[in-house]
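A.B. asks: below are the sequence and a predicted model for it; my questions follow.
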Amino acid sequence: MIYPLILTLHLFAALIFIGTVFFEVLFLESIRKQLPARVMLLVEQGIGRRARSLMPWVLLVLFGAGLGMVWLRYLPALAAPLASSFGTLLALKIAVAASVLLHFLTAMFLFRSGRMNARYLRFIHASLFCHMVVIVLLAKGMFYLTW
């Protein structure tokens with residue numbers, strides 16, 4: 001009974017995180033040209049403050065639930081990840097997710113140290129966007145691709 005709860009928490013946290021990244025990349029970047037610089041700065045500051053207060057908790061749930069899912073159900077597949085397509089894709093997904101966590105930690109460090117700038121932020125968002133696409137494709141592929 002606990003696995004469905006952990007899976008649901010993982011999916012909701014993923015929706016929040018992926019939705020936030022997609023919003024920032026697909027929407028915010030395109031409206032930047034339509035709003036005065038001062039207004040856009042206020043919008044970005046407001047969204048940034050909210051994201052920096054919410055995302056650590058979202059990532060804690062996301063990665064905590066992910067580890068719980070591995071522990072409860074997928075540890076045997078990871079014991080020999082090259083033995084099955086599922087194990088291989090799961091191992092790749094975990095590696096990409098670890099990279100996402102490193103991106104987030106780097107961004108938090110840059111913000112806290114005052115070294116975050118627009119160029120770093122755009123790069124991190126674009127990279128996270130690509131990572132999210134790969135993770136979603138791997139997550140679906142785990143259940144539908146075999147070799």
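C.D. replies: Right, received. Where do you want to start?
A.B. asks: who touches M40 in this structure?
C.D. replies: I31, R32 (Cβ atoms under 8 Å, 6 or more residues apart in numbering). (Each C-beta comes from the backbone N, C-alpha and C, glycine too.)
A.B. asks: tell me which residues are up against the lowest-mean-pLDDT helix or strand in the chain.
C.D. replies: Taking mean pLDDT, DSSP states H and E as the measure, the chain has helix 29-31 as its least confident helix or strand, at a mean of 88. Helix 29-31 is touched from outside by M40, R122, with contacts defined as Cβ under 8 Å, 6+ apart.
A.B. asks: report the buried residues of the helix or strand following it.
C.D. replies: Next helix or strand after helix 29-31 toward the C-terminus (DSSP states H and E): helix 37-69. Neighbour-count burial for helix 37-69 flags A51, M55, V58, L59, V61, L62, F63, A65, G66, G68, M69 (criterion: 16 or more other Cβ atoms under 10 Å).
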